[in-house]
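Enquirer: Sharing a sequence plus its predicted fold:
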Amino acid sequence: MTSPFDAAALANRATSALRAYDPGHDLPALRLRFGAVIAELGSNENPLGPSPRAMRAATQVLQDIWRYPDPLGASLKRRLSESQGVPVNGITLGNGSHELLMLLAQCFADAEHPVVHSQFGFAVFPIAAAAAGAPSVAVPALPADHPEAPYGHDLEAIAKAVTADTRLVYLANPNNPTGTWFGDATLEAFLGKVPAQTLVVVDEAYHEYVDAEGLSTAARLLDRFPNLVVTRTFSKAYALAGLRIGYMLSHPSVAAVCERLRESFNVNTVALVAAEAALGDDEYLARVRETNRRDRAWLAEELLARGYRVLPSQTNFLLVDLGRDAASFEAHLFERGVIVRPMIGYRLPHTVRVSIGSRAELERLLENLP
Ligand SMILES: *Cc1c(COP(=O)(O)O)cnc(C)c1O
């Protein structure tokens, strides 16, 4: 008898090292079963939904979807160029910023050129390295009792882990899942230390939510450090997660290399148009920021009053450190229709991540705590 066919043994070396993404609970199935009664606090989505202008633009452009999208995304790039002060040829658009993070590793890292990231940095970083067949170095995070950034990026240690061969460093600021951040001075000192040939990627997925002093965008340093790359997304504060669109700001030569591998129509027509409209709605973004700031502070206080340890956050989520295994906590909430995200995949099994959902959702969480 011949052995049963199994393609797992045929996967190439890089893919053999990977596992499929764990999406958590089957949310579409749960929505069908329970409808709007579930509180979805697991995916850092913006409960206010997109700007009405983005919605209108998305709906109107549907009549054009029989055509391929603009492969250059020229109109959106011009708009971003104006708002970000970066030339159009220093902007790359992606099918979510996830795609851009992967693309960077595919273009620049390989078996001889490792990737460095922080221990509790965003999960995509080591995956991007592995997919490119590159070794990745996870630098130990700041200690759990660090006063400003528990479990956060230790930039001094990261700088020490970088060698002349390191091709990419991934930083997330603020970081997911910790919510922690590092300030402008820390980043500048770091960029002064790493080799000029090492690309430093600062993932700013939560940039629009930031309100701390001394924490501005890394993009202001692009002129001084051509090895700096900044990624952003429309999935979080702009609430366009379902459309899949993000962007990258870099030296034009970094963008030019990425263009070689970027799929020509990687960003769809609806996403391009909706993102551009969203950028034109400052009032909407101001409301998103203010609502998140208020509800984040409120939820942190409510959790604190109930004896929970909540980490400092500059994002639209809070990491709650239970000090004990989170599995039964998460299961208890799940049975009551409240979805939070256990962080066992990050080897933080004693924590859960809670998105700043609507007030109704957050109240439901508080009412149902074990
Ligand atoms: C959510 C998130 C992203 C990206 O999401 P996309 O939807 O792919 O743009 C990137 N980095 C971090 C740290 C995130 O939390």
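Expert: Done, it's in. Numbering: from 1, shown residues only.

Enquirer: What residues sit buried inside the helix or strand bottoming out on mean pLDDT in the chain?
Expert: None of the helices or strands of the chain scores lower by mean pLDDT, DSSP states H and E than helix 27-34, at a mean of 84. Within helix 27-34, the residues that count as buried by 16 or more other C-beta atoms under 10 Å are residue 30. Just so you know, the C-beta spots here come from the backbone N, C-alpha and C atoms, and that holds for glycine as well.

Enquirer: what element comes up after it heading to the C-terminus?
Expert: strand 39-40 (DSSP states H and E).

Enquirer: The protein: helices as residue ranges?
Expert: For the chain, applying DSSP state H gives helices covering 13-16, 27-34, 52-60, 74-84, 97-108, 124-131, 155-161, 184-193, 252-261, 269-279, 282-305, 327-335, 359-367.

Enquirer: any weak-confidence spans in the chain?
Expert: Scanning the chain for pLDDT under 70 picks out the ranges 1, 36-37.

Enquirer: contacting residues for the residue in it that the ligand sits nearest to?
Expert: Using C-beta to the nearest ligand atom, the closest approach of the chain to the ligand is made by residue 96 at 2.7 Å. Residues near residue 96 by C-beta atoms under 8 Å, 6 or more residues apart in numbering: 233, 235, 244, 245, 246.

Enquirer: Which members of those residues additionally contact the ligand?
Expert: When contact is defined as C-beta under 6 Å from any ligand atom, the contacts of residue 96 meet the ligand at 233, 235, 246.

Enquirer: How about the second one, nearest residue that isn't a chain neighbour?
Expert: Leaving out its chain neighbours, the residue that sits closest to residue 235 by C-beta to C-beta, 6 or more residues apart in numbering is residue 241, at 3.9 Å.

Enquirer: unless I'm mixing things up, the one you found is touching residue 40, no?
Expert: No - counting by C-beta atoms under 8 Å, residue 241 stays clear of residue 40, with 11.6 Å between them.

Enquirer: So which of those two has more stuff around it?
Expert: Comparing residue 241 with residue 40 by other C-beta atoms under 10 Å, the one with more neighbours is residue 40, at 20 against 17.

Enquirer: Compute the number of surrounding residues for the closest residue to the more buried one other than its chain neighbours.
Expert: Spatial nearest neighbour of residue 40, chain neighbours left out: residue 339 (5.2 Å); criterion: C-beta to C-beta, 6+ apart. Neighbours of residue 339 under the rule other C-beta under 10 Å: 22.

Enquirer: One more: residue 42?
Expert: Counted with other C-beta under 10 Å, residue 42 comes out at 23.

Enquirer: Please look at it and residue 338 and confirm they touch.
Expert: No - checked against C-beta under 8 Å, the pair residue 42 and residue 338 is beyond contact range at 9.4 Å.

Enquirer: Spit out the contact partners of residue 167.
Expert: Contact analysis of residue 167 by C-beta under 8 Å, 6+ apart lists 108, 109, 110, 113, 114, 115, 134, 197, 198, 199.

Enquirer: Kindly apply the preceding question to residue 193 instead.
Expert: Contact partners of residue 193, counting by C-beta under 8 Å, 6+ apart, are 159, 162.

Enquirer: gap between it and residue 35?
Expert: According to C-beta to C-beta, to the nearest Å, residue 193 stands 53 Å off from residue 35.

Enquirer: again with residue 204
Expert: 35 Å.

Enquirer: re earlier: so can I have CSV of the ones next to the ligand among the contacts of residue 96 showing neighbour count?
Expert: Shown next, in CSV, are the ones next to the ligand among the contacts of residue 96 (neighbours: other C-beta atoms under 10 Å):
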residue, neighbour count
233, 25
235, 22
246, 26
